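Novice: take a look and give me a structure for this.
(one chain, ligands or ions: 1)
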Amino acid sequence: MTAAPNLTLWGVGTSRTVRAHWAMHELGLTYTTRAIGPRTGETKTAEYTALNPRQKIPLLQDGDFRIGESAAIVAYLSRTYSTEENSLIPEPPRDFAAWLEWTFFIVAELDSTSLYVMRRHGADALGHIYGVAPEVVAKAGEYFRQQLRHVETALADNRTYLMGDRFTSADILLTTCLDWAIAYGVGICDNAQPYLARIQQRPAYQLGRAANVARAAPERAR
Ligand SMILES: N[C@@H](CCC(=O)N[C@@H](CS)C(=O)NCC(=O)O)C(=O)O
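Specialist: Numbers count the residues shown, from 1 in each chain. Below you'll find the predicted structure:
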């Protein structure tokens, strides 16, 4: 009998951390949450820096193995803990390549080049650190909409999930970007609305979101 995995997930409260919590729940994994939040100083402690010198969340510990980067965590969990009945990653090489293409596209174009640029330069977000730049924020929102056309084209055949009739972890990444875009007031394409509504009904999505809620620190609760 193989021992149950010893999983600890660091980080709550962001569009990146929720991906890992959600994947855990999709795979029915039991894990410990270390509920550290962004911009609280908690990613900079000596204990955490020793685990993750990048000082970012999320971070996954699986026994003595550690991995950061939300998409890499989701991919690692999908690859390691999928079963025949419940798999989040396609096996055939070309399907796997298509999954990789979606994954990199979502992380690079929708997250890093669009939504995170809005976060970095938004007056109500991190503009006080990286510079408030309304024109950059507006252009990044436009770029998101433009890039989302690839998703719109894929969903045009009324497929249930991004890659067809099987839910994969690419859906986790896409959904977190759609939720994020809506929260930022960037509209999403019409055919992504029913897609999103369908995904949001998944119990693992709801459990992952609940697990991602930052606990109220006493000084913040006051
Ligand atoms: N590309 C990384 C980005 C991780 C990241 O930037 N995390 C932010 C919160 S969303 C963070 O930890 N910032 C440092 C801090 O807040 O102390 C990922 O997807 O995991």
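
Novice: domain assignment for this structure?
Specialist: Listed domain ranges for the chain are 7-86+208-221, 93-202 (source: automatic domain parsing).

Novice: what about the last one, how long is it end to end?
Specialist: Between the opening and closing residues of domain 93-202 we find a distance of 27 Å, counting by Cα to Cα, to the nearest Å.

Novice: which residues in the protein form helices?
Specialist: 17-26, 46-51, 70-81, 93-105, 116-121, 127-130, 134-147, 149-155, 169-183, 192-200, 203-211, 218-221 (DSSP state H).

Novice: could the domains of the chain go into a markdown table alongside mean pLDDT?
Specialist: As requested, the domains of the chain are arranged in a markdown table below (pLDDT from 0 to 100):
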| stretch | mean pLDDT |
| --- | --- |
| domain 7-86+208-221 | 94 |
| domain 93-202 | 97 |
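
Novice: how about the ones you listed, which one is nearest the ligand?
Specialist: Ranking these by distance to the ligand, with Cβ to the nearest ligand atom as the measure, places domain 7-86+208-221 first at 3.2 Å. Yep, even glycine has a C-beta here, placed from its N, CA and C like the rest.

Novice: the closest one near the ligand at all?
Specialist: Yes. Using Cβ under 6 Å from any ligand atom, domain 7-86+208-221 comes into contact with the ligand via Thr14, Arg16, Pro38, Arg39, Thr43, Gln55, Lys56, Ile57, Pro58, Glu69, Ser70.

Novice: what about the last one, neighbour count?
Specialist: Residues within reach of Ser70, counting by other Cβ atoms under 10 Å, total 26.

Novice: again, but for Gln147
Specialist: Neighbour count of Gln147, defined by other Cβ under 10 Å: 17.

Novice: ok, now Ser87?
Specialist: Ser87 has 18 neighbours, counted by other Cβ under 10 Å.

Novice: got the phi and psi for it?
Specialist: Backbone geometry at Ser87, expressed as degrees, to the nearest 10, gives phi -120, psi 140.

Novice: let me see the contact set for it.
Specialist: Each residue near Ser87 by Cβ atoms under 8 Å, 6 or more residues apart in numbering is listed here: Ser78, Arg166.

Novice: how about the nearest residue to Asn191, chain neighbours excluded?
Specialist: Ranked by Cβ to Cβ, 6 or more residues apart in numbering and with sequence neighbours excluded, the top spatial neighbour of Asn191 is Leu155, at 4.5 Å.

Novice: ok, now which ones touch that neighbour?
Specialist: Taking Cβ under 8 Å, 6+ apart as the test, what Leu155 contacts is Leu162, Cys189, Asn191, Ala192, Tyr195.

Novice: may I see the residues you listed organised as JSON lines, with neighbour count and distance to the ligand added?
Specialist: Output for the contacts of Leu155, formatted as JSON lines (neighbours: other Cβ atoms under 10 Å; distance: Cβ to the nearest ligand atom, whole Å):
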{"residue": "Leu162", "neighbour count": "24", "distance to the ligand": "18"}
{"residue": "Cys189", "neighbour count": "16", "distance to the ligand": "23"}
{"residue": "Asn191", "neighbour count": "17", "distance to the ligand": "26"}
{"residue": "Ala192", "neighbour count": "22", "distance to the ligand": "21"}
{"residue": "Tyr195", "neighbour count": "24", "distance to the ligand": "22"}
